[in-house]
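> after the sequence you'll find the predicted model.
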Amino acid sequence: MNKKHLPIAVFDSGVGGISVLKELMKLMPEEDYLYFGDSANAPYGTRTTEEVRVLTLNAAAKLYERGIKCLVVACNTATAAAITLLREEYPDIVVIGIEPALKTATDRFPRGHVGIMATQVTLREEKLEHLVGRFPDVMVERIPAPGLVELVEQGKADAPETEALLRELLQPYSGQLDAIVLGCTHYPFVRKTVQKILGDGVQVLDGGEGTARHTSHLLQERGWRKSGGGSLKMENSSGRQELLDLGMELL
């Protein structure tokens with residue numbers, strides 16, 4: 001069956017995946033999108049790997065039942081915990097995970113000093129260890145950012161308290177890094193503040209654009225790209241209208 005006219009589902013633990021949805025819609029505006037944010041259970045980054053796995057598989061099952069051609073897991077934490085299981089479970093659709101843009105950073109700075117700012121789950125998973133292990137000549141700093149996801153979820157990406165938290169987290173790396181990789185899809189919404197703290201000499205990278213290009217490529221390969229006008233349906237497990245409003249504002 002040709003799934004061309006089915007929507008692309010984009011899933012995240014909350015509103016962070018909108019940074020990836022943005023890139024997808026920019027590249028493929030003619031597609032239909034179903035965005036689901038699980039803010040009722042956010043943040044995922046402080047949960048156990050098993051909890052993240054269960055939440056991700058449950059959300060994916062509900063989205064799959066509605067008829068989709070592609071599931072984009074626009075959450076680094078959920079990708080790290082569950083992407084292999086999702087690909088095994090749904091071989092008949094395109095399943096894409098997001099990875100920290102470490103390869104981009106190492107291409108630009110082959111013997112450089114690179115920071116990865118991410119949630120605790122992402123930083124402790126084997127998936128990241130394998131990724132870091134592919135680039136032995138690069139010095140990689142793992143930078144956990146507890147509390148940052150919650151501030152973005154509260155619509156405080158540009159608030160003074162967010163800048164204060166980022167200064168506390170990043171000040172020890174000032175003047176040391178060539179690049180910093182934003183390893184959580186919530187973090188691109190604080191990109192300007194990160195850049196301001198670390199300075200213009202540091203490249204700030206995230207995986208959203210690469211994920212969109214990869215999605216487009218795999219859909220094209222299967223003949224599942226559609227033409228014509230696109231649409232967007234946005235849903236959130238919290239049922240709170242202000243989170244849907246925040247989602248549209250971030251988009």
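Everything's here; your move. Numbers count the residues shown, from 1 in each chain.

> can you pull out the strands in the stretch 101-250 of the chain?
In the stretch 101-250 of the chain, the strands defined using DSSP state E, counting those that start in this stretch lie at 113-118, 139-144, 179-182, 203-206, 231-236.

> where do the helices of the protein begin and end?
Assigned helices in the chain, in chain order: 18-27, 49-65, 76-89, 102-108, 120-124, 126-133, 148-153, 160-170, 191-198, 208-222, 241-250 (criterion: DSSP state H).

> hey, C-alpha coordinates of the second one in CSV?
Put plainly, it is helix 49-65. C-alpha atoms of helix 49-65 as CSV (Å, rounded to 0.1, in the frame of the first residue of the first chain):
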residue,chain,number,x,y,z
THR,A,49,15.5,4.7,30.9
GLU,A,50,12.8,2.1,31.4
GLU,A,51,10.2,4.8,32.2
VAL,A,52,11.2,6.7,29.1
ARG,A,53,10.9,3.6,27.0
VAL,A,54,7.4,2.8,28.2
LEU,A,55,6.2,6.3,27.7
THR,A,56,7.7,6.5,24.2
LEU,A,57,6.3,3.1,23.1
ASN,A,58,2.8,4.0,24.4
ALA,A,59,2.8,7.3,22.5
ALA,A,60,4.1,5.6,19.3
ALA,A,61,1.4,2.9,19.5
LYS,A,62,-1.4,5.5,19.7
LEU,A,63,0.0,7.5,16.8
TYR,A,64,0.5,4.4,14.7
GLU,A,65,-3.1,3.3,15.2
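
> shaky segments in the stretch 51-200 of the chain?
Residues of the stretch 51-200 of the chain meeting the criterion pLDDT under 70: none.

> ok, now which ones touch residue 178?
Neighbour list for residue 178: 105, 108-109, 112-114, 202-203 [criterion: Cβ atoms under 8 Å, 6 or more residues apart in numbering]. To be clear about C-beta, it is placed using only N, CA and C from the backbone, and glycine gets the same treatment.

> so who does the closest residue to it other than its chain neighbours touch?
Excluding the flanking residues, the one nearest residue 178 by Cβ to Cβ, 6 or more residues apart in numbering is residue 112, at 3.8 Å. Contact analysis of residue 112 by Cβ under 8 Å, 6+ apart lists 105-106, 138-139, 178-179.

> redo those residues as TSV? Include distance to residue 212.
Below are these laid out as TSV (distance: Cβ to Cβ, whole Å):
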residue	distance to residue 212
105	18
106	21
138	25
139	29
178	25
179	20
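
> of those, which is the nearest to residue 195?
residue 179 (11.4 Å; Cβ to Cβ).

> what residues are bridge-paired with the closest one?
When bridges are taken as DSSP bridges, the partners of residue 179 come out as residue 114, residue 203.

> wait, it touches residue 204, no?
Yes. Contact criterion Cβ atoms under 8 Å: residue 179 and residue 204 qualify, at 7.4 Å.

> and for residue 109, the neighbour number?
By the criterion of other Cβ atoms under 10 Å, residue 109 has 18 neighbours.

> got it, and residue 201?
Residue 201: 9 neighbours (other Cβ under 10 Å).
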